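Asks: predicted model and sequence follow; I will ask about them next.
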Amino acid sequence: MDGDRRRLFVGLAVGMLLILSGTFPHPVFASPYETSEPAPYSHLAVAEDDRQYQGLVDLYGLEPADATPFENLSPTAQLAVERTLESEPDDNWRRYELPVCRSTMLACDSVREPPAEFNYGEGTGEEVFQLIEVDGERYLFQTGVQTDAGSDSGFGDAPISTFIWLFGLVPFGATVVASQAIGQKTGERRIPAVLTTVGAGLVVAGLAVPYLVVFGLFSYADLSVPLLIGVVGVALGAISVLVWQTIQYTRTEF
């Protein structure tokens with residue numbers, strides 16, 4: 001394979017990787033934790049001395065005597081209960097979201113599976129509420145959303161990584177492919193080469209982001225918006241370069 005063909009192949013490969021990156025099982029510029037349903041794995045708890053506790057127990061016919069002892073829970077469920085009860089109360093409810101690592105992550109700083117004892121996602125009141133006894137005190141835990149609660153999510157609720165892909169990586173990938181096509185016509189290799197190099201850098205950076213989060217170097221919540229702005233900005237810059245390349249090509253052709 002000669003040099004021109006090799007450069008074209010690499011450029012097309014990088015462009016297609018960027019375009020398809022949002023469909024990869026491994027996160028790219030995304031959180032290392034599960035974001036698809038039934039995530040997020042939220043836990044809310046209220047103590048038995050709160051009036052909300054008694055009202056919900058009566059409403060759903062829960063039996064305090066049947067509360068699950070903390071010691072009978074799995075280690076993962078115990079971790080979720082402990083961290084929930086350690087959190088600061090808000091209107092007497094304590095809240096904690098358990099990060100569950102995506103199965104494709106090679107490293108994980110949390111858990112790989114949610115506790116089997118809890119029902120996440122949608123369910124009836126009896127399914128999403130559970131009584132747990134910790135050190136002689138009972139707590140009412142909610143780990144899901146009631147079916148009739150109207151929790152349907154739309155495009156605007158998609159994770160930020162989806163917008164990074166759609167408005168940053170897809171346009172950049174398409175730009176790389178188009179630039180390579182024009183370069184084949186004009187023989188100008190510099191612009192396609194630069195765009196391909198930057199595109200390859202984006203792929204590597206995107207794959208690295210979830211590990212930077214797992215290793216505690218960044219919080220994805222703090223990093224996600226700057227990533228969106230940065231990647232979209234790079235894509236806009238690439239598009240402007242492609243426009244200039246296209247103008248130069250049309251001038252030489254006509």
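Replies: That came through, no problem. Numbering: from 1, shown residues only.

Asks: count the neighbours of A174 for me.
Replies: 18 (other C-beta atoms under 10 Å). (Each C-beta comes from the backbone N, C-alpha and C, glycine too.)

Asks: gap between it and V111?
Replies: In this view, A174 and V111 are 38 Å apart by C-beta to C-beta, to the nearest Å.

Asks: now swap in Q184 and tell me
Replies: 49 Å.

Asks: please apply the same query to L59.
Replies: For L59, the distance to V111 - C-beta to C-beta - is 31 Å.

Asks: name the residue in these two with the higher neighbour count.
Replies: Using other C-beta under 10 Å, the more surrounded residue of L59 and V111 is V111, with 17 against 10.

Asks: what residues does the lowest-mean-pLDDT helix or strand in the chain touch?
Replies: Sorted by mean pLDDT, DSSP states H and E, the helices and strands of the chain end with strand 145-146, the least confident at a mean of 81. For strand 145-146, the surrounding residues in contact (C-beta atoms under 8 Å, 6 or more residues apart in numbering) are 121-125, 128, 151.

Asks: among the residues you listed, which one has the lowest pLDDT?
Replies: Among those, S151 carries the lowest pLDDT, at 53.

Asks: from the centroid of the chain, which residue is nearest?
Replies: Nearest to the geometric centre of the chain sits S31, at 3.9 Å (C-alpha atoms, centre = their mean).

Asks: correct me, but that one touches S161?
Replies: Yes: if you go by C-beta atoms under 8 Å, S31 and S161 touch, sitting 6.8 Å apart.

Asks: out of the contacts of strand 145-146, which are buried?
Replies: 122-123, 125, 128 (16 or more other C-beta atoms under 10 Å).

Asks: for those residues, work out which two are farthest apart.
Replies: Maximum pairwise distance among the buried ones among the contacts of strand 145-146 (C-beta to C-beta): 11.3 Å, between E122 and G125.

Asks: hey, where'd the strands end up in the protein?
Replies: Counting by DSSP state E, the chain has strands at residues 41-47, 68-69, 94-98, 122-123, 129-134, 137-142, 145-146.

Asks: among those, which comes closest to T76?
Replies: When the strands of the chain are compared by C-beta to C-beta, strand 94-98 sits nearest T76, at 8.0 Å.

Asks: helices or strands up against the closest one?
Replies: strand 41-47, helix 75-86 (3 or more C-beta pairs under 8 Å, 6 or more residues apart in numbering; DSSP states H and E).

Asks: pLDDT weak spots in the stretch 1-150 of the chain?
Replies: 1, 148-150 (pLDDT under 70).

Asks: again, only using 80
Replies: Where the stretch 1-150 of the chain drops to pLDDT under 80, the residues are 1-4, 146-150.

Asks: can you check the stretch 151-254 of the chain too?
Replies: In the stretch 151-254 of the chain (pLDDT under 80), the answer is 151-157, 251-254.

Asks: contacting residues for V46?
Replies: So V46 contacts 52-53, 56, 92-94, 139-140 (C-beta under 8 Å, 6+ apart).

Asks: which of those residues count as buried?
Replies: By 16+ other C-beta under 10 Å, these give 53, 56, 93-94, 139-140 as buried.

Asks: of those, just say which sits nearest to P115.
Replies: Nearest to P115 out of the buried ones among the contacts of V46 is Y139 (C-beta to C-beta; 14.9 Å).

Asks: show me the beta-bridge partners of the closest one.
Replies: A47, I132 (DSSP bridges).

Asks: for it, which residues are in contact?
Replies: Contacts for Y139 (C-beta under 8 Å, 6+ apart) come out as 45-48, 53, 81, 85, 131-133.

Asks: one more pass at 7 Å, please.
Replies: 45-48, 132 (C-beta atoms under 7 Å, 6 or more residues apart in numbering).
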